[in-house]
Each structure stands twice: as C-alpha cells, then as structure tokens.
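> The sequence and its predicted three-dimensional model are supplied below.
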There are 2 protein chains.
Amino acid sequence: MVEPLKVGLAGLGTVGGSVARLLQKQESNASESNILATRCGRPIRLVAASAKTKGELDALGLDGVRFVDSPSGLARDPEIEAFVELMGGEGDPAKSAIEAALAAGKSVVTANKALLARHGVALAAAAEKAGVSLNFEAAVGGAIPVVKTLREGFAGNSFDRVYGILNGTCNYILSRMESEKLSFGDCLREAQRLGYAEADPTFDVEGFDTAQKIAILASLAFGVQVDPDAVYVEGISSITPEDLEAAAELGYRIKLLGVAVRTESGIEQRVHPTMVPLDRPLARVMGVTNAVTIEPAGFPPITLVGPGAGGAATASAVVADLADIARGVRTMPFGRPVSQLAGSRRAPMQRHEGGYYIRLAAVDRPGTFATIAKHLADEHISLESIVQRRRNGEPHGGSDPDRTQTPAPVILVTYATSEDAVRKALSEIKNRGVIAGNPQVIRIEKN
Amino acid sequence: MVEPLKVGLAGLGTVGGSVARLLQKQESNASESNILATRCGRPIRLVAASAKTKGELDALGLDGVRFVDSPSGLARDPEIEAFVELMGGEGDPAKSAIEAALAAGKSVVTANKALLARHGVALAAAAEKAGVSLNFEAAVGGAIPVVKTLREGFAGNSFDRVYGILNGTCNYILSRMESEKLSFGDCLREAQRLGYAEADPTFDVEGFDTAQKIAILASLAFGVQVDPDAVYVEGISSITPEDLEAAAELGYRIKLLGVAVRTESGIEQRVHPTMVPLDRPLARVMGVTNAVTIEPAGFPPITLVGPGAGGAATASAVVADLADIARGVRTMPFGRPVSQLAGSRRAPMQRHEGGYYIRLAAVDRPGTFATIAKHLADEHISLESIVQRRRNGEPHGGSDPDRTQTPAPVILVTYATSEDAVRKALSEIKNRGVIAGNPQVIRIEKN
C-alpha cells in the first residue's frame, strides 16, 4: 500500500478542530470511499497535535493522535512529514514552529495571514532552500481558492489589478448599515453580539486585516515582496448611512476594498472604503461573504465569491493545501523564486488618480456654492454629478454656530483627478468657512 | 540551464494562434523577465505545429517553429514532450492525435469539450496508463479556473451541487431579450451578426454545448464517468420576452443552466432554462460572461465568474495547463483514478423535484380557473404565486377559435413538487380545453 502523508497539527481552535475532524473522518470512512485518499493517491493521516492544553485534543475524541507539548517540538517530530500551523499571531510560537518545520525539511500549511504578511518573504526563502512547500490558501478569502488561482491558474498572464472584499466583518457592517439604515456603531455592536466582530474591533474595521491579505495577493499577482507597511490603510468607521444612501442613488455601493494595481509609479496597494459601480460583481456581495476580482492584462476579469471565514470553509482550504503536498506538488510560495520578488514601496497616495465622492456640509448662505466650485476649478477638478438636497423638516443641529446657517449636505462626484488636487481644494474650501466639519471623501474604483 | 518544456501545437485558429503568440512572446521577452519561465522554473517552448495549411503557421510570423503535416505525426514527434490539441471535433483527427500522444508518453492539453464529453473516460485511462497528464482547463468556462478548482481546490470535500452558465451565446441572447424586450429570433440574428452565434446555432441554443460542459464538471465534482447522454437537455428557443418579464416581477431571472446535483436517486445532470432567484450571483451574470457555482457539503457556495470564450482568455487556460506540466505536476484527469469513476445514468426527469413556473394562455370563460386549480390540486401541487393580467388594448389573436374567448396569460409558480405531477396536471388541463396552445414550463432552482 501507498504510505500515508503523516501530519502534525498545531492549534486546535475552530479551524484546527475542523481540520482534525475532517482528516479523521476521511481515514475512518469505510462506507463511502475515502475521497481525500482517492483524489491524492494516498491517505492523509493526522498523527500528532499540539494545543494550549491536552484537554483540547482529548475533547475532539480522535483516535491515535499523539499530544506534543510544544509546537516547535511537534514541527521537528521525526514522524511527521507535513506541519499545519493554525495558532495564529505574527510572532512566536507560530513563527519559530514554522521555521523549525522548514529547517527540518517538512512542508508547511498555514492560515496565518499576519505572520505571512510580516515574515512571508523570509519563510518562503526557507521553504525554497529546504525544497519543501509553504502553502497558505486559507490565509486569504477562506474557502475561495484565490491563492491557487493566482499562483497556478494564470501562469502565462500578467495582471492589471487585483481587488476584493477580504474582511467579512466590515462587509457585514456595511451591508447592515445600508439595509437597516443604522449607524456604524449600532451595526458594529450587532456584529459583536453575533460573533462576527471581536471585542476590540480595530484590526478588522480599521482595515488592517484587509491590508495583510491584499499584501499577500499583491505578492502573488505582481511579484512584489509581501509587506503590509507598503499598503495605504483607511477603515470604515467614518462611513454614515447617508453616504450609503447617496452611493445607491449615484449607482454605487460602498465596500471596504483591498486593491493592488499596476500604475505608472509602480504597484499601488491600498485599503479604503470604495464606491463600486453597482454592475460589478463585488457590489452585489453582501454580508460576511468575501470576493476577489482578478484583472488579467488582455481579457475580461475573473471574480471569485465565497465564504471568507468559518471553521468548515477554512478547514477545506487547509486540507486542499495538504492534498497538494500529498500528491507531491510543490509550488513556489509566492509563485516565483524569492530572488525574483521585487521590493514593495508604499504607494504615494497623493499621486493616486481616480474619481472621488465628496460629501460636504455646506453652510446655507449666498455664495457658498460659488466658493466651492471655484476651488475645485482651481485644481482642475471636473464634476460628474452634484446632488444637493434640503433636509426636510429636520431640526437644526445643536452644533450649528449660527441659526440662520443650516448646513445642508452637498454631494459631489468628480471625474478622474489626483488625490493631491482633491486634498488641496478641500483644504481651501474649509479655510473659507463655507462648510461645517470635515468633508467625507470616498474613492471611486472604476474601469 | 534548465531544459525548456518542448511543445507541439495542433490547430492554429483563434485560440491556437493566441497560444502560439503567447508562448513566443514569453520566450523572446528580454526586457520584462519571462513570467511563465519564472513561475514554472523552466521555459515553455513551442517547437512544432500542425494546421490545415502551412500558410496558417507562416501567417503567425513565429521563429523556429517546425510545420508538421499530420496532427498524429506531430503528437508522436520525438522532439515534443507535451501535445496541445486545439483542432476541436469529437472524433478524428483530434481523437487519434491525442491517443497517439498519450501512447507515446507525452502529456496532453486540450480545449476540446466535445471529445472529452464523448471519450474522456478512455482518454483519461490512456493518460493514467502512460503516467502523463491530460489537462483541459480551457474546455469549460474559458479563463475561469473551474477545472483546477474542482480537481484540486476542494480535495477533502464532497459536493451537493454544481451549476453554471456555461454557454455565452445563450446568456447573451437571454440578456438582450430581457433588456431590449426582443424575441428569441431577433436576438439570435443579432448574436449571429456579432459573431456570438454560429450560422447553425442549434448546438448552442438547444443546450448541447452546455450538456457537454456540465457532464465534464459532474465527473470532476461527483466522480461519475463523463457521459453527455446522461444529461437531460432543453434549450432556450421557446423562451419569450413575456417569460423574462414575469420572471423579473417574481424575483427571478431566466438563465440556461447546466446543473449536476446529488439526489436520492443518484447524480442528476440536466440543462434547461431555469428561474434563478435574483439574489444569487448567477442571476447577475449578463452577456457572454460565464459563471459556475460550487456547493460543497457543509459550508456556503463558491461562485466563479469570468470570460467563457475568446482567444486570449481561452489561451490563458491552455498555457496554465502547460505550466502545470512544465512544473512536473500531474493530476488525475477527472480528479481520481478512472477505476473509481462510477457509471453515469440519465436522470429520470419525471422524478425531478422542485418548484415550477408555468405560463398558460387561459381561455376567458367562467370556470376556467376552477378547472386549472382542480387539476393542480388533484396532483397535490401547491401554488406560491398566481399572476393573471388582462392584456391591455391588444387585439384578439387571429388564432383565437372563438371571438368571445380571449386567451389571457396566467402565470403560476408552484412550491416544490415532482415533474411527473406537473406534466400530468397540465395534460389534464389541456384536455379540458381551458387553455390555448401549449403551457410554458420553466424549472426553478432554489434552496
């Protein structure tokens, strides 16, 4: 008989538990044939695991799985051939355990986006040196096979742009804000109640999770070194139901996107709330679902949509990565040799070019709009749409400095211009005292 | 230096020409590094080609590509390691050329869905025996990596259902019929003018192309032998703008779907116009675009959307298949050994269970609706919606047998029932003379 691939698994949380059960179920499945072994040509056997306590392993009720105290000890264990890291965290113990596995010539599967974003280049170099695999399908987009697609599915293509909805928490909050006309805070609390958001939601809602993921996709698509510090990041906490409503009227929907795009000044990587035209597949993705659009040079885009999180979905990606190892397939971690990855630079956002949605609270007095229009014209900014509505029957805001001046929302949509021009014009407009508060600015992602 | 993978290419039409140019461009690209070689670890070199005339090769202006008269001769050529078949056609010369290549121990890449649907099992067995690859990403969904996703991306999963929009011609025609309120015939002629439909459109519009593709996907997803005769097939020529309008009102859109689904009586494979709920990603796919939804057991579906045809898009999939061969990756053609593929049976459609859209031309006289309702109730069919509208201001149809009877469209949407029950009820209703012409019946794909 063919020898099974013997696996050590570090981390028995939701995803780790699902992986362990899936592997065990396959091995014990006599009635239906073992799908995994049939597809790989050999079984995949979980032989040892580590977790914070042995009780976590015992609770899974698995047969014949040895408990190993230390993740690094497990990684070096002579019985195992492949090491699965599902502990998380960008440093130790995950980092040193993966390093130990690679140094011992064992292939590694991980779902750890934070670690990959921070140390992916060094880990890929170690895998390359050892001649083993470092697979991480589950690190981006859960069950969506976006890593495999970018690594293997378009080998002969270069790309113009890769962008996606990569954080289910943010997409859930924005979806609820739009459908229920609730504030960001209300929807965040709801997401926390439902377990879609952490007690400290900063990492998700301020865009850092998306930044780690787009840094990984940018490396796969464009051959740049993965580097989360090269990503410009803005979160969704400033978005209001008013913005979502205005977006819909203008034919857009607001999504938190991670975007990696080839520009004249290099690969631009950014995360920010974005106006997406309603006819794009990404605009239709609601709730905790994730989606990625890949734009190859020379033909229309490919979009992948699916569950970005959840134990079973994420475990599915981990097991597919193990299956590639079992079949003897080795792909370079970022799709090309580490020596060929170019340095990443942080995109100079003031040079970003695109359309902008701008919402201003204009004070209600003669000449206000002329002032706004003048300063936009001074920066050569042309307007595609202007929407101004009197608030019907709303009481004046308490912060209103002058009862005769009722700030009224004015929404402007610009044609393509530079971020620099927009910032300058808005700064001038603010200095003239014709708007209350700070302008809301949301980038538009088109063509 | 690493040896290049030497390729022979049979067929220099739109796709073949694109593949040849792409490979040549990569090899001659000194300024930007050779992406394909970087990703594969070795170059891929087109060394020989066959076509109907040597003129086709000369017209491409390639350097150092030998012309070989016969495709089978090219397939056996001692210089080549991989044979790409882009001639098409379910028989010879494509079939014997691929057989010759496999027998000579060369890996094969093909986009030939007709050949795979008819002879895929035998060809896969030959590839398995020779220990070489038989790759066919381009055969289904053009540039969408659906074959790789089903073969490799979900190795540990079983599936509940796989379904998709797999024919751009039909999706273009249905999209235009809806947006322009034009007849099937008008939109077909438009598609023919634009090159989206053949002079003889039967193969596309009657669903046979989709049937070949869903047979291939069913084999990959469910491990059944690929067999187009196991697919129930209905085309789109009977769909009217009235049906499309009613669908929209009821919250659906009509799409020609290929569906493979696990049922209690086995794997059901079918192609027919389908009412798809508007909130499903497939309902939003318009024009010539293709899309596939994969439903794994145990977690939410994955949908892949993209260009299903076109030289550059299809060539991209062919080259990615070659890249896997260059990297030494060998996957079983249908994802598992041929000996493990189960026999396919044609789905007994009378046992199909689901909701139905039914459009009747009810004659306008007392008791008509009671008769219709009685015969539905006799078959235990419950109705979710009933829409009856008087045609406003339309003249009576010339075929109306009695000027006092104006057939008025009645639209019924049933809850889940069996096809058998629907057929029996409608046959009884027709026999009572309360409807004019034949009922229109469209299956609903939900849950």
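That came through, no problem.

> Disregarding flanking residues, what is the spatial nearest neighbour of residue A:276?
Leaving aside its chain neighbours, residue A:276 sits nearest to residue A:283 (4.5 Å; criterion: Cβ to Cβ, 6 or more residues apart in numbering or on different chains). Glycine gets a C-beta too; all of them are placed from N, C-alpha and C.

> Now the phi/psi pair for that neighbour, please.
phi -70, psi -20 (degrees, to the nearest 10).

> burial measure for it, as a count.
When neighbours are defined as other Cβ atoms under 10 Å in any protein chain shown, residue A:283 has 21 of them.

> That one contacts residue A:275, doesn't it?
No: here residue A:283 does not reach residue A:275: they are 9.3 Å apart, not a contact under Cβ atoms under 8 Å.

> Common neighbours of the two, please.
A:252, A:253 (Cβ atoms under 8 Å, 6 or more residues apart in numbering or on different chains).

> in the longest helix belonging to chain A, what counts as buried?
Determined from DSSP state H, the single longest helix within chain A is helix A:113-130. Neighbour-count burial for helix A:113-130 flags A:113-121, A:123-128, A:130 (criterion: 16 or more other Cβ atoms under 10 Å in any protein chain shown).

> which outside residues touch that helix?
A:85, A:88-91, A:94-95, A:98-99, A:102-103, A:105, A:107-108, A:110, A:133-134, A:136, A:139-140, A:209, A:211-213, A:215-216, A:219, A:225-228, A:332-334, A:337-338, A:341.

> Looking at the buried residues of helix A:113-130, which is nearest residue A:164?
Nearest to residue A:164 among the buried residues of helix A:113-130, counting by Cβ to Cβ, is residue A:113 at 13.4 Å.

> re earlier: report the mean confidence score over the longest helix of chain A.
In this model, helix A:113-130 has an average pLDDT of 97.

> Equivalent analysis for stretch A:315-331, please.
Throughout stretch A:315-331, pLDDT has a mean value of 96.

> re the thing from before, for the residue nearest to residue A:276, give me the pLDDT.
For residue A:283, the predicted pLDDT is 96.

> Please apply the same query to residue A:447.
66.

> now swap in residue A:159 and tell me
96.

> Also within reach of chain B: list those from the contacts of helix A:113-130.
When contact is defined as Cβ under 8 Å from any Cβ of the partner chain, these meet chain B at A:332, A:337.

> May I see the ChimeraX selection of the buried members of the contacts of helix A:113-130?
Buried residues among the contacts of helix A:113-130 (16+ other Cβ under 10 Å), as a ChimeraX selection:
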select /A:85,88,90,94,95,98,99,102,107,108,110,133,134,136,139,140,209,211,212,213,215,216,219,225,226,227,228,332,333,334,337,338,341
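
> Which of the contacts of helix A:113-130 fall within strands?
Applying DSSP state E to these, the entries found in strands are A:85, A:107, A:108, A:110, A:134.

> could you dump those residues to CSV with distance to residue A:354?
As requested, the ones in strands among the contacts of helix A:113-130 are exported to CSV (distance: Cβ to Cβ, whole Å):
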residue, distance to residue A:354
A:85, 38
A:107, 41
A:108, 39
A:110, 35
A:134, 35
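
> Listing partners with orientation, what would you give for the host helix or strand of residue A:47?
Assigned by DSSP states H and E, residue A:47 falls within strand A:44-50. Sheet pairing of strand A:44-50 (DSSP bridges) gives strand A:5-10 (parallel), strand A:66-67 (parallel).

> Hmm, residue A:96 and residue A:72 touching each other?
Yes: taking Cβ under 8 Å as the definition, residue A:72 is a contact partner of residue A:96 at 5.4 Å.
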